[in-house]
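> here is my input, please return the structure:
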Amino acid sequence: MHLQSWSHACSGGFTLRGWHSPPSGKPLLHFLHGNGYCGRVYEPLLARLVEDFDLWLCDVQGHGDSDHGGRFHGWNRSAELAMEAFAVGRAAFAEVPAFAVGHSFGGVLSSLMLAQQPQLFQRAVLLDPVLFTPAMIGVMALSDVVGLSRRNSLASKARQRRGQWPDRAAAHAALHGRGMFRGWDEAAFAAYIAHALKDTEHGVELKCRPSREADIFASFPKRLWPSLAKVVTPTQVLYGQRSYPFVAKSVARWCAGNAHVHAQVVAGGHCFMQEQPQDSAARISAFLLPGQV
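Down below sits the predicted model:
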């Protein structure tokens, strides 16, 4: 899969970077990664999607090759900055139809983009988006007020994550088949080792600092449910059978309240698309290009 790098000095005061496939006239797919990852971590999935789509991968603030950018600008602003970069970059792709796909944190950012710019994408697939329930958001907002938000379990775990190894082989040995990587396809895990780590004079380290991953887990999107209610783009949510229980609950709530959104449960966990890249790509293409794939 041949990808070209892009960069955009964004209005947030830092540079966003990412990758795109060479414009070929195929429909254009905007892809946003999960927290702690980057676009190219999903290469086995993307290598199948590039048969049907041109790809636009955006690494969010502090992820992949994008700048750390100081304080985390928040979920809503991150969605706006991704749209800003895409508005500049998509000019090279002419007037082809555009679609959105996002995983986890990137799935939520994609939903915010759909709410804000209804005409931007013709269809969307959200992969296990971490849509917090209204009750969770209430607790998080209260925690914010009393200064407890940094203590939630996902944020605490992220903050304690090891971030450095002597080399990629050591990182591979330490992480393979463990925690969130359990059950991953070998090629997907190899893509993580290749693209989520950078070389330093002391070995390798995570491109996304554990503290930035924790910043995201300790925060939440503003006006999430009013935004979700505004989505009119035909949207399919795919979520893993073994994902976080709140995801299924939130997705059911969203589908019940919005006729434009449908859901499908798939085998696997929160990163099912890294466990079953081929099956996931087939499901994405079937929804985005009905009758064509």
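> quick one, strands of the stretch 101-250 of the chain?
Under the criterion DSSP state E, counting those that start in this stretch, the stretch 101-250 of the chain contains strands at 123-127, 164-165, 197-200, 203-206, 235-240.
> okay, the ones you listed, which one's buried deepest?
Mean neighbour count, computed with mean count of other CB atoms under 10 Å, is highest for strand 123-127 among the strands of the stretch 101-250 of the chain, reaching a mean of 26. Just so you know, the C-beta spots here come from the backbone N, C-alpha and C atoms, and that holds for glycine as well.
> who touches it?
Residues outside strand 123-127 that contact it (CB atoms under 8 Å, 6 or more residues apart in numbering): 99-104, 107-108, 110-111, 114, 233-239, 272-273, 280, 283-284, 287-288.
> where do the helices of the stretch 51-200 of the chain begin and end?
Using DSSP state H, counting those that start in this stretch, the helices found in the stretch 51-200 of the chain span residues 75-89, 105-116, 134-146, 153-159, 168-175, 186-195.
> how about the ones you listed, which one is nearest G18?
Judged by CB to CB, the one of these that comes nearest to G18 is helix 75-89, at 7.4 Å.
> packing partners of that closest one?
For helix 75-89, the packing partners by 3 or more CB pairs under 8 Å, 6 or more residues apart in numbering; DSSP states H and E come out as strand 4-9, strand 15-20, strand 28-32, strand 54-59, helix 105-116.
> buried residues in it, which are they?
75-83, 85-86, 89 (16 or more other CB atoms under 10 Å).
> for L45, which of the strands of the stretch 101-250 of the chain is the nearest?
Among these, strand 123-127 sits nearest to L45 (CB to CB), with 8.9 Å.
> rounded mean pLDDT for that closest one, please.
The average pLDDT for strand 123-127 rounds to 98.
> now the angle from it to helix 105-116?
Angle between the axes of strand 123-127 and helix 105-116 is 150 degrees (criterion: axes from the mean of the first three to the mean of the last three CA atoms, to 10 degrees).
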